[in-house]
Each structure stands twice: as structure tokens, then as C-alpha cells.
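Trainee: need coordinates for the below:
(chains A, B, C and D)
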There are 2 protein chains.
Amino acid sequence: MNDRVVPPTARRRRRPTKTGVVLSEELIVETALRLLKEHGADALTVRRLGLALGADPTALYRYFRDTDDLLLAIADELIGRTLRTWRPTGDWRADLRDLGLRMHADSLAHPQAAVLSSYRVTGRVHEIEAVETILGVLRGAGFPDPEAVRIYHAFVDQALAFAALDAASVALPRPAREAEADVWRATYARLPADSHPHIAATARHLVADMRRSAYPAALDLLLTAAAARLAEIEGQRTT
Amino acid sequence: MNDRVVPPTARRRRRPTKTGVVLSEELIVETALRLLKEHGADALTVRRLGLALGADPTALYRYFRDTDDLLLAIADELIGRTLRTWRPTGDWRADLRDLGLRMHADSLAHPQAAVLSSYRVTGRVHEIEAVETILGVLRGAGFPDPEAVRIYHAFVDQALAFAALDAASVALPRPAREAEADVWRATYARLPADSHPHIAATARHLVADMRRSAYPAALDLLLTAAAARLAEIEGQRTT
DNA sequence: TTAACAGGTCAACGCTGTTGACATAAGGTT
DNA sequence: AACCTTATGTCAACAGCGTTGACCTGTTAA
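Mentor: Residues are numbered from 1 along each chain as shown, chains lettered A, B, ... in the order given. Next up is the predicted model:
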């Protein structure tokens, strides 16, 4: 265990580094996000982060226990950014659709961070705010509590899961990524109809569809089913 | 680029290692899966794999370009294993539900491998077989080709995405995993009702629901919406 | 003015994937 | 049966990784 970290609230002395930079949790998280965005997931190493900050790499360990702790801070910052740009209208289905697509899009804007952090429960402020907001939308729409939680869970995990899946593709090293795109054209689209009739029959659609994310389609399927369930519940209630 | 690899078909000479083991692609993949299962994701390193095989670590590079290439081979082997235990009945909805749950369960049985490989397109034999089979189920059910591809894509990517998401949780180092489980009880369940009314009202359900995977619920929502769409299509066809 | 100590720095640890050079046994050819 | 080619196992080395303990120094509270 690492006991070098001082809780942020107790931090008072801020000593500049050799290059004159004054470090802080926020500065480190921002710099890490910039590094990820500009140079890819492999660029986020303790040494490179130190270099980008203008500080000795090991100065990080005064702010975060280890790289995993830094990762959770990055994850929470991403949640916060997404939530900040979202404007709910009161129409639960449209609002959830919008939020889901935003979470997905924002993850793809920082694929390297999304890949590393989307499956983590941070328990930090922004995450808590997001949970509260989404539950509010569902309960406001009329879902009873157990149903609201069930749909909340499916909705959020679907968004996070697809965000991670698609971010992982985007985050692949360039050659590997191009190789994957080619597989559909070069391998699947060329399979003979007698051995693989279904692939051959739909090859045209496959090539076109597989290059896009399936998330919008999957999200709409989920919301459609949820709406049907809500109608069912309200039908029961009035009878 | 690494040109040490000889295509499997051209392999003729098999020279035993110092310890007498005769290497092969299959043996390496199996050993890698065993390592992952028994000792976790961090245990899969070139050196440890060499040790487990009873060979010099670098002998691997005669069979796989690099560790990524090995990973794809592992991924395809997992697909094959899942498909092999699946028995379709002819009822498309039940069959897809069963297949989805199997893919998910098998991934969780090898979480480390699933995390690393579920977002990859391997283009290898088992994957091709899976694509052909699932498309066959959907086309057989009566979905027109573009719709079949759309639903295929959403179904498969959702299964893979949830598999990766849930596998990632399972694959966390033990202390981190326990810390996450605690967050729901220790942080969320204790938020006061005046600042976080929706969380407070549903805390009981949250604690119970969030410890399970949301995949079965999400899968059922997807299949429900797909069935509704099929009914709609067939309605149009007869009018 | 001074004493305490947060926090920046440095050197070192054991680990990683990967490469190039080398050694040798398998197996087709003669 | 001897030979030659070459597939493939081995070895040493490289650069880079996260992390730690020891050290040093500027900031701040008293």
C-alpha cells in the first residue's frame, strides 16, 4: 500500500516543480486526457505523463495511490463532462436516447480512457450525480421502483458496454484497426454461397452495417421494449 | 514485422524442446487459456507462458507473430467452444436467448481472455461459423435481409459488449473488485434523501440489482423489441 | 525566526515484449 | 546411408514499464 497520497482537502503546500509548474489533481487528470487523446493509450505511462507535466514522473504518486487510482479519476471526469452537456426535455424516452448517444459519443472522443475505465464503479461525485439523474427520469416517467432500477441498470450497462466495445476498436493500433475493417470485405464477402449461404446472401448488408456501431440500433430496441413495458404497467394500473 | 512464423499447414518438422515437449498452435492456446483461468490476466506473459509450456519463451514467436496474434487465436477458440455446446431447437427467439446467455456465461468462465479479445474480429473459422449460424436463425425466422443483419449486429455486439463488461469486473484484482462491490452499500445506500431522493428511494433495489449482470434483462428487452418488429413486418406482408 | 513536513527528485528494482544471432535435429533427396 | 536444407528451439540483450525508499528543499504555521 502506498501512503504518500495526501487527501486533496488537506493539501496546502504547493511546491513548484523544477520547471515551475504547480501540480494538482485536476492538472494531472487533464494532462492525462490530453495525452490519451493526442498520442493514444500507449502514450499514457507514468514517465510520459511526468514529462508532459514538466515534473518528475514519480511526483504523481503524491496525488494518486497508483495508476488505477488515476484511472478512476479520469473516468469520473469523463462522466462529468457528458452530464454537463446534456439537456433533458422531460420526454423520458427522448432524453434517455440522447443521453445514451452522448455517453457513447463522448467515450469515442476519448477511446483510450473509455476502454480503461468504462467498466469501473468510481463512487465519485459525477457518477453519483448521473445515477440520481437517470433514476429520476425513469421514476418520473412512471416506472415503479423495481422496474426503474432494472431498466436503469440495463440502460447504463448497455451504454457503458457498447462505449467500451466501440472505443476498443477505435483505440486499436492503426494497422490492426485497418486489418479488422478489411476482414469483412476480404474474408466474409468472398465466402461461397454453397458453404455459407446466409453470409453470401447478406454480404452486401454485412459490409455496410458492420462498419458502423450497433449501439444506436440496440439502444432503440431497448427503449422500444421499455416503452412497451411502461404501457403495459399503466394499462394494469387503470383497470 | 515478424517473419519467423511459418503457416500451420507448412509445418512439418516438430522439434522437441529441452524438456521434451512438442509445441503446436493448439497446445500453446490451451496452455494460455489454462494460465489465464488459473492465475489471472496478469499471469499471461510471454515468459510465464514459456515456463508453463516447458519451452524457451521466445519459441512462441515461431507460432504467433506477436502477443496480439496469440490473443486472436485464443478468442477464436472461445467462440468455437461456445458454439459447440449450443443446441438450436428451431424457435428463433429461444435459440438466440440461449446462445446469448451461453456466450455471456462462457466469457465469464474465461474472463481474462474475454476482456482482451471480445472486441476483436478474428476472421477465423469459428467466428465465421458463428456468423453463418446466427444469420441463418434470423433469416429462417422471417426477417428480411437488411433487418436480419441489423438485428444480428445488435445481438452479437450486445452479447460481446456485456461479456467484456462483466468479464472485466470479474477479472479485476481481488481487492479492487471487493472495493467496487462495497461502493453500492457503503456509498450509494447511505446518501441522504434530501440531496439524492431517487437513489435513496430505490437504494434497496439498487444494492440487490447492481450485484447481478444486467445482460439477461438487456437481452430480453432486445428480443422483445425484435419480436415486435417481426410481427409488424409479417403484418405488412399479408396486407 | 524557526521547525515540521508536504511534496518534488533521484536511483534502483524486477518485470515486460521483442529482436537478432546462433545451434541443432528433422526429414527430404540423393 | 550420408548429406544438406531449414524449421524451430535457445540465448543474450534492449528499451521501456510501474513502483518504492531515501533524500532534499521550499512553504507554511507557530
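Trainee: say whether chain B is contacted by the helix ranked longest in chain A.
Mentor: Counting residues, the longest helix found in chain A (DSSP state H) is helix A:145-171. Yes. Applying CB under 8 Å from any CB of the partner chain, one finds helix A:145-171 touching chain B at A:145-146, A:148-151, A:153-154, A:156-158, A:160-162, A:164-165, A:168-169. The way it works is simple: take the backbone N, C-alpha and C, and place the C-beta from them, glycine included.
Trainee: quick one, domains of chain A?
Mentor: Split into domains by automatic domain parsing, chain A comes to A:1-65, A:89-238.
Trainee: and those domains, which one's lowest on average pLDDT?
Mentor: Among those, domain A:1-65 carries the lowest mean pLDDT, at a mean of 85.
Trainee: quick one: distance of it to the chain centre.
Mentor: Remark: domain A:1-65 is offset 22 Å from the chain centroid, using CA atoms, centre = their mean, to the nearest Å.
Trainee: report whether it contacts chain B.
Mentor: No. Contact of domain A:1-65 with chain B is not found when judged by CB under 8 Å from any CB; the minimum separation is 9.7 Å.
Trainee: likewise for stretch A:206-216?
Mentor: Yes. Judged by CB under 8 Å from any CB, stretch A:206-216 comes into contact with chain B at A:206, A:209-210, A:213-215.
Trainee: so which of these belong to helices?
Mentor: Going by DSSP H, the helices hold A:206, A:209, A:215 from these.
Trainee: tell me how far the second one lies from B:Glu147.
Mentor: Per CB to CB, to the nearest Å, A:Asp209 is found 11 Å from B:Glu147.
Trainee: if we can go back for a sec, out of the ones in helices among the residues of stretch A:206-216 next to chain B, which is nearest to chain B?
Mentor: Of all those, A:Asp209 has the smallest distance to chain B: 4.9 Å, by CB to the nearest CB.
Trainee: the spatially closest residue to that closest one that is not a sequence neighbour: neighbouring residues, count only.
Mentor: Nearest non-adjacent residue to A:Asp209, counting by CB to CB, 6 or more residues apart in numbering or on different chains: B:Val149, 4.9 Å away. Other residues lying near B:Val149 total 23 when counted by other CB atoms under 10 Å in any protein chain shown.
Trainee: for A:Glu129, same thing?
Mentor: A:Glu129 sits with 16 neighbouring residues when counted by other CB under 10 Å.
Trainee: which other residues reach the helix or strand A:Ser107 falls within?
Mentor: Following DSSP states H and E, one finds A:Ser107 within helix A:92-109. Contact with helix A:92-109 is made by A:37, A:78, A:81-82, A:85-86, A:88-89, A:114, A:118, A:134, A:137-138, A:140-141, A:155, A:158-160, A:162-164, A:166-167, A:170, A:213, A:215-216, A:219-220, A:223, A:226-227, as judged by CB atoms under 8 Å, 6 or more residues apart in numbering or on different chains.
Trainee: now a PyMOL select for only the buried ones of these.
Mentor: A single PyMOL command suffices to select whichever of the contacts of helix A:92-109 are buried according to 16 or more other CB atoms under 10 Å in any protein chain shown:
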select buried, chain A and resi 78+82+88+114+118+134+137+138+141+155+158+159+160+162+163+164+166+167+170+213+215+219+223+226
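Trainee: so which of the contacts of helix A:92-109 also contact DNA strand D?
Mentor: Here nothing survives when these are matched to DNA strand D using CB under 7 Å from any atom of the strand.
Trainee: excluding residues flanking it in the chain, which one is nearest A:Ala163?
Mentor: Nearest non-adjacent residue to A:Ala163, counting by CB to CB, 6+ apart: A:Ser107, 3.5 Å away.
Trainee: and that neighbour, how far is that from A:Asp76?
Mentor: For A:Ser107, the distance to A:Asp76 equals 14 Å [CB to CB].
Trainee: neighbour count for those two, which is higher?
Mentor: When neighbours are counted by other CB under 10 Å, A:Ser107 and A:Asp76 differ, and A:Ser107 comes out ahead with 26 against 22.
Trainee: quick one, phi psi at A:Ser24?
Mentor: Backbone geometry at A:Ser24, expressed as degrees, to the nearest 10, gives phi -160, psi 160.
Trainee: what about it, neighbour count?
Mentor: Residues near A:Ser24, counting by other CB under 10 Å, number 13.
Trainee: do the one 5 residues further on as well
Mentor: Counted by other CB under 10 Å, the residues lying close to A:Val29 total 20.
Trainee: what's the answer for A:Ala32, then?
Mentor: Neighbour count of A:Ala32, defined by other CB under 10 Å: 26.
Trainee: which other residues reach the one helix or strand it maps to?
Mentor: In the assignment (DSSP H and E), A:Ala32 maps to helix A:25-39. Residues outside helix A:25-39 that contact it (CB under 8 Å, 6+ apart): A:8, A:21, A:43-44, A:48-49, A:52-53, A:60, A:63-64, A:70, A:73-74, A:77-78, A:109-110, A:112-113.
Trainee: list buried residues within those residues.
Mentor: A:43-44, A:49, A:52-53, A:60, A:63-64, A:70, A:73-74, A:77-78, A:109-110, A:112-113.
Trainee: check those residues one by one and keep those near DNA strand C.
Mentor: Residues of the buried ones among the contacts of helix A:25-39 in contact with DNA strand C (CB under 7 Å from any atom of the strand): A:Tyr63.
Trainee: ok, A:Val5 touching A:Asp66?
Mentor: No. In this structure, A:Val5 is not within contact of A:Asp66 by CB atoms under 8 Å, at 9.5 Å.
Trainee: if we can go back for a sec, filter the residues of helix A:145-171 next to chain B down to the buried ones.
Mentor: For the residues of helix A:145-171 next to chain B, buried by 16+ other CB under 10 Å: A:145, A:148-151, A:153-154, A:156-158, A:160-162, A:164-165, A:168-169.
Trainee: returning to what we had before: make TSV from the residues of stretch A:206-216 next to chain B and add distance to A:Ala193 to it.
Mentor: Below are those laid out as TSV (distance: CB to CB, whole Å):
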residue	distance to A:Ala193
A:Leu206	14
A:Asp209	19
A:Met210	19
A:Ser213	28
A:Ala214	25
A:Tyr215	31
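Trainee: looking at those residues, which one is closest to A:Asp182?
Mentor: Ranked by distance to A:Asp182 (CB to CB), these are led by A:Met210 at 11.5 Å.
Trainee: ok, that closest one - how many residues close by?
Mentor: Counted by other CB under 10 Å, the residues lying close to A:Met210 total 22.
Trainee: surely it is in contact with B:His153?
Mentor: Yes. Using CB under 8 Å, A:Met210 is in contact with B:His153, at 6.4 Å.
Trainee: so which of the contacts of helix A:25-39 sit within strands?
Mentor: Within the contacts of helix A:25-39, no residue falls in strands by DSSP state E.
Trainee: what does stretch A:73-82 contact?
Mentor: Contacting residues not belonging to stretch A:73-82 are listed as A:25, A:29, A:32-33, A:36, A:64, A:99, A:102-103, A:106-107, A:110, A:113-114, A:116-118, A:120, A:122, A:124-127, A:129-130 [CB under 8 Å, 6+ apart].
Trainee: now that stretch: average pLDDT?
Mentor: For stretch A:73-82, the per-residue pLDDT averages 89.
Trainee: off-centre distance for it?
Mentor: For stretch A:73-82, the distance to the chain centre is 9 Å (CA atoms, centre = their mean).
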